[in-house]
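[1] Task: produce atomic coordinates for the following.
(chains A and B)
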Protein chains: 2
Amino acid sequence: MMSKGRVLSIQSHVAFGYVGGKAAVFPLQCLGYDVDVVNTVNFSNHSGTNPAGYGRFGGSRANAAELSYIFEMMEKNSLLSPDRLLTGYIPGGEALAAVTDLARKLRKRNPELLYLLDPVLGDAGKLYVSPDVIPIYRAMLPLASIITPNWFEVEVLTDVKITDLLSLRRAVKILHEEYSVPNVVVSSIPLKAWLKDALPRELQPPPGEHDPDVDFLLCIVSSVDLPSKSGALSTVHTRVVPCIPGYFSGVGDLFSALVLAHYERSPALNHVQTNHISNGITYDTPISHAVSQAIAKTHAILTITHQHAMSLPEEERLPTDEELDEVEPDRQVRRMKGRELRIIQGQDIIRGNAGLDSGRMDLWANFWDAK
Amino acid sequence: MMSKGRVLSIQSHVAFGYVGGKAAVFPLQCLGYDVDVVNTVNFSNHSGTNPAGYGRFGGSRANAAELSYIFEMMEKNSLLSPDRLLTGYIPGGEALAAVTDLARKLRKRNPELLYLLDPVLGDAGKLYVSPDVIPIYRAMLPLASIITPNWFEVEVLTDVKITDLLSLRRAVKILHEEYSVPNVVVSSIPLKAWLKDALPRELQPPPGEHDPDVDFLLCIVSSVDLPSKSGALSTVHTRVVPCIPGYFSGVGDLFSALVLAHYERSPALNHVQTNHISNGITYDTPISHAVSQAIAKTHAILTITHQHAMSLPEEERLPTDEELDEVEPDRQVRRMKGRELRIIQGQDIIRGNAGLDSGRMDLWANFWDAK
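    Now for the predicted structure:
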């Protein structure tokens, strides 16, 4: 197997389970990347910052000085020349500032560096992190080649509440134009009525073909060549994904790693905007290609994880209930154990050996001018 | 893919390169194991404790309290029930004592626990660690199912200088009888004249068929059913492996992980001593089977690593020269980078998809009574 190159991954580490680096590094390695792994925390298990956490955890955080020292020694040993950079959860503003310094240095040294920044801030309207890291993340955005926020993180970063197509456009525009991000991947946004109505009919989930109780998420990808010509509009792709019920941790970390792994530079592709749909063919951009792979594989891993969770004895798959969990913490722990991502059992999916059809993303041709 | 079970791996972590956990965890994952990963150190790169190190490194060590706290939180969350335990380099006596406490608890809870202890102490006559950890390692031995010392570590643990067949027998006997280790794997011992002469002719490397300048190493495996009946002798297998020139780091860590991954419990197999060579068939024991796989795969990974190193520009493959390295540290760093194990590029070898014939180990039938 040829080497696909070298990724520097900077995120959290847990001994047990699959979040942060444990969800990202193995898939990157399976796909042929040498991965340099810097751990921002060393915890026993996923923390308790959201309902998908274990509630109890232990371990240590690397402070800014420790991170900087590791980077400095790597630098001295000429070990800091990754082709790709992946950053995820980084606790606290000082550590984040140390990573920003590093990203700036790597970007300066290698303008071709492919940097995927996952701005891990929160989800579903709740911040996981202290508000003081928000400006630091904003300052990092111009260094990134790809960002993978969820809809809430887009809101926090742009200060735009996304309630309709106009506000969605405004937020995406801010990320491209004010923050100079060439590839914006809104990893998930609930397909509410306004969003469904805004989508071209052929991109909507087909009515009647699915269980009316199934909710859908939309993944939106917007890419633009930077520095963008004034007024140049981005190319927007979408894909509707059925929601799998229940909380799973590490999904975003896995998804981001797969996006980075599948991104293949192809300078020509970003220039096909004008004839995207000539002859009825929808052309991919490098990012829409990567995201279609990442969506398909992440969804397949989630599906086998869900199936596994459902096969467990009843006491290991108790439904989420924050009140009951409060009274009996083990209840939450048993549930979470059964819902750890099955990335080891699903490694053939990740490698592309499982016969999975990863499909394509759809071009949202009139995103910028639909009424 | 079905889960092969859960391994708890406790060893060092480096950001760059493949030693400790970076050499062990990915192979275990490729072979289907969920691996819980506790990092005893978080370094930038392999340290400088031997000529295969980079000389300069940075990062932090987990102290005993931090390790114990992680174990305690895992325990509280019912996350401490691995099927297999793997321990490698652990810095300092106190951290080692914390790991010993954990191993003792896990062994008590699960008598079926398969514990591979790699007593990382030194190599080629030199200690890497402080002498105060030696008695702690000795106290750990009775907890282990499999140990994988090199010849020097056997000497240190048993206090027997291995100079002939008699002293080799004495050392192996001490490990089985005084320290109650059922499976002793002497991972490598140079095939000096006395050892070659002691081997049955058919187990020696065939004369003339190889380059006379190639050195050989012998791997020796000795297994016994414990508690052993008084006077019961162990079954001994060997395999001769041609030396690949140059220093490579992480080889022992990869080898130990592969031994643990390929060990398959099969209670019948350890009982075939009496008819091992009936009908001319050499029967494997579970450990000889596992070690034959580990030797073949490790050797194949080393071979592609060596080929890669040889393909590099001359300034990246300067020969080992401690004096020149002292004067120009970058010289050593460049060499080491080119010799990092190619486990990512060799993942098909690790998975068994590379058409590698792993062969078998040979039974050394008269080990205990040869003159």
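[2] Surely residue A:116 forms part of a strand?
    Yes: counting by DSSP: H, G, I helix; E, B strand; the rest coil, residue A:116 is found in a strand.
[3] neighbours of it, just the number please.
    26 (other CB atoms under 10 Å in any protein chain shown). Placement of C-beta: from N, CA and C, glycine included.
[4] who touches it in this structure?
    A:84-87, A:144-148, A:256, A:259-260, A:263 (CB atoms under 8 Å, 6 or more residues apart in numbering or on different chains).
[5] try 7 Å
    A:86, A:145-146, A:148, A:256, A:259-260 (CB atoms under 7 Å, 6 or more residues apart in numbering or on different chains).
[6] Give me the pLDDT for it.
    Model confidence at residue A:116, given as pLDDT, is 98.
[7] Pull the contacting residues for residue A:194.
    residue A:164.
[8] where along chain A do the helices fall?
    Ranges of helices in chain A, per DSSP state H, are A:21-30, A:64-76, A:93-109, A:134-140, A:151-158, A:165-177, A:193-198, A:251-262, A:286-311, A:322-327, A:329-338, A:347-351.
[9] Dump those helices to CSV, plus mean pLDDT.
    Formatted as CSV, those follow (pLDDT from 0 to 100):
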stretch, mean pLDDT
helix A:21-30, 98
helix A:64-76, 94
helix A:93-109, 96
helix A:134-140, 97
helix A:151-158, 98
helix A:165-177, 97
helix A:193-198, 94
helix A:251-262, 98
helix A:286-311, 95
helix A:322-327, 77
helix A:329-338, 79
helix A:347-351, 97
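[10] Now for residue A:244: which residues touch it?
    Residue A:244 makes contact with A:302-303, A:306, according to CB under 7 Å, 6+ apart.
[11] same question, residue A:1
    Applying CB under 7 Å, 6+ apart, the residues near residue A:1 are A:32, B:345, B:347-348.
[12] and with 8 Å instead?
    Contacts for residue A:1 (CB under 8 Å, 6+ apart) come out as A:32, B:344-348.
[13] again, but for residue A:92
    Going by CB under 8 Å, 6+ apart, residue A:92 touches A:61, A:63-64, A:130, A:133.
[14] repeat for residue A:22
    With CB under 8 Å, 6+ apart, residue A:22 has these contacts: A:13-14, A:250, B:37.
[15] mind running it again at 7 Å?
    Contact analysis of residue A:22 by CB under 7 Å, 6+ apart lists A:13-14.
[16] just the one 5 residues further on next, same as before
    Residues in contact with residue A:27 (CB under 7 Å, 6+ apart) are A:254, A:257-258, A:261, A:343, A:350.
[17] now do residue A:129
    For residue A:129, the contact set (CB under 7 Å, 6+ apart) comprises A:121-122.
[18] nearest spatial neighbour of whichever residue of the stretch 151-300 of chain A sits closest to chain B, skipping sequence neighbours?
    Across the stretch 151-300 of chain A, no residue is closer to chain B than residue A:261, which sits at 12.3 Å (CB to the nearest CB). Excluding its sequence neighbours, the residue lying closest to residue A:261 (CB to CB, 6 or more residues apart in numbering or on different chains) is residue A:31, at 4.5 Å.
[19] That neighbour: neighbour count?
    21.
[20] Mind pulling up the pLDDT for it?
    With respect to pLDDT, residue A:31 has a value of 98.
[21] Now do it against residue A:303, distance only.
    Per CB to CB, to the nearest Å, residue A:31 is found 20 Å from residue A:303.
[22] Could you do residue A:104 as well?
    Applying CB to CB, the value for residue A:104 to residue A:303 is 39 Å.
[23] got it, and residue A:125?
    For residue A:125, the distance to residue A:303 - CB to CB - is 26 Å.
[24] Look at these two and report which has more neighbours.
    Neighbour comparison, residue A:125 and residue A:303: the larger count goes to residue A:303, with 15 against 9 (by other CB under 10 Å).
[25] Spatially, which two of the contacts of residue A:116 are the most separated?
    Greatest spacing in these, by CB to CB: A:145 and A:256 (12.3 Å).
[26] which of those two has more neighbours?
    More neighbours surround residue A:256 than the other of residue A:145 and residue A:256, with 28 against 21 (other CB under 10 Å).
[27] Surely the more buried one and residue A:147 touch.
    No: in this structure residue A:256 lies outside contact range of residue A:147 using CB atoms under 7 Å: 9.3 Å.
[28] for residue A:264, what are its contacts?
    residue A:286.
[29] still on that earlier bit, going by distance to chain B, which of the contacts of residue A:244 wins?
    Nearest to chain B out of those is residue A:303 (CB to the nearest CB; 14.6 Å).
[30] Quick one: residues contacting the closest one.
    Taking CB under 7 Å, 6+ apart as the test, what residue A:303 contacts is residue A:244.
[31] Tell me which residues touch the residue nearest to residue A:261, please.
    A:4, A:261, A:350-351.
[32] One more pass at 10 Å, please.
    Residues near residue A:31 by CB atoms under 10 Å, 6 or more residues apart in numbering or on different chains: A:1, A:4, A:7, A:257-258, A:260-262, A:293, A:297, A:350-352, B:344.
[33] Neighbours of the closest residue to residue A:266 other than its chain neighbours, how many?
    Once flanking residues are discounted, residue A:266 sits nearest to residue A:286: 5.3 Å by CB to CB, 6+ apart. Here the number of neighbours of residue A:286 (other CB under 10 Å) works out to 20.
[34] And residue A:286, how far from residue A:177?
    Distance from residue A:286 to residue A:177, by CB to CB: 20 Å.
[35] sorry, back to before: which neighbours do residue A:145 and residue A:256 share?
    Joint contacts of residue A:145 and residue A:256 (CB under 10 Å, 6+ apart) are A:116-117.
[36] The residue in the stretch 101-250 of chain A that chain B sits nearest to: what's it in contact with?
    Going by CB to the nearest CB, chain B is nearest to residue A:102 of the stretch 101-250 of chain A, at 11.8 Å. Applying CB under 10 Å, 6+ apart, we find residue A:102 in contact with A:8, A:10, A:38, A:67-68, A:70-72, A:74-75, A:80, A:85, A:87, A:143.
[37] ok, now with 7 Å
    Contacts of residue A:102 (CB under 7 Å, 6+ apart): residue A:71.
[38] ok, and for stretch A:94-104, which residues are buried?
    For stretch A:94-104, burial by neighbour count (16 or more other CB atoms under 10 Å in any protein chain shown) applies to A:94-100, A:102-103.
[39] ok, of these, which one's closest to chain B?
    residue A:102 (11.8 Å).
[40] any idea how far the closest one is from residue B:133?
    35 Å.
[41] And residue A:46, by the same measure?
    33 Å.
[42] And those two? Which one has more around it.
    It is residue A:46, of residue A:46 and residue B:133, that has more neighbours when counted by other CB under 10 Å, with 26 against 23.
[43] ok, the more buried one touching residue A:16?
    No: contact criterion CB under 7 Å: residue A:46 and residue A:16 do not qualify, at 8.3 Å.
[44] quick one, what contacts residue A:259?
    Going by CB under 7 Å, 6+ apart, residue A:259 touches A:116, A:146, A:148, A:185, A:290-291, A:294.
[45] Neighbours of the residue nearest to it when sequence neighbours are not counted, how many?
    Leaving aside its sequence neighbours, residue A:259 sits nearest to residue A:294 (CB to CB, 6+ apart; 4.4 Å). Neighbourhood size, residue A:294 [other CB under 10 Å]: 26.
[46] Now do the contacts for residue A:294.
    By CB under 7 Å, 6+ apart, residue A:294 lies in contact with A:255, A:258-259, A:262.
[47] Up against chain B, what does chain A have?
    A:1, A:3, A:13, A:15-16, A:26, A:29, A:32-34, A:36-39, A:42, A:44-45, A:54, A:56-60, A:66, A:69-70, A:72-74, A:76-79, A:333, A:344-345, A:347-348 (CB under 7 Å from any CB of the partner chain).
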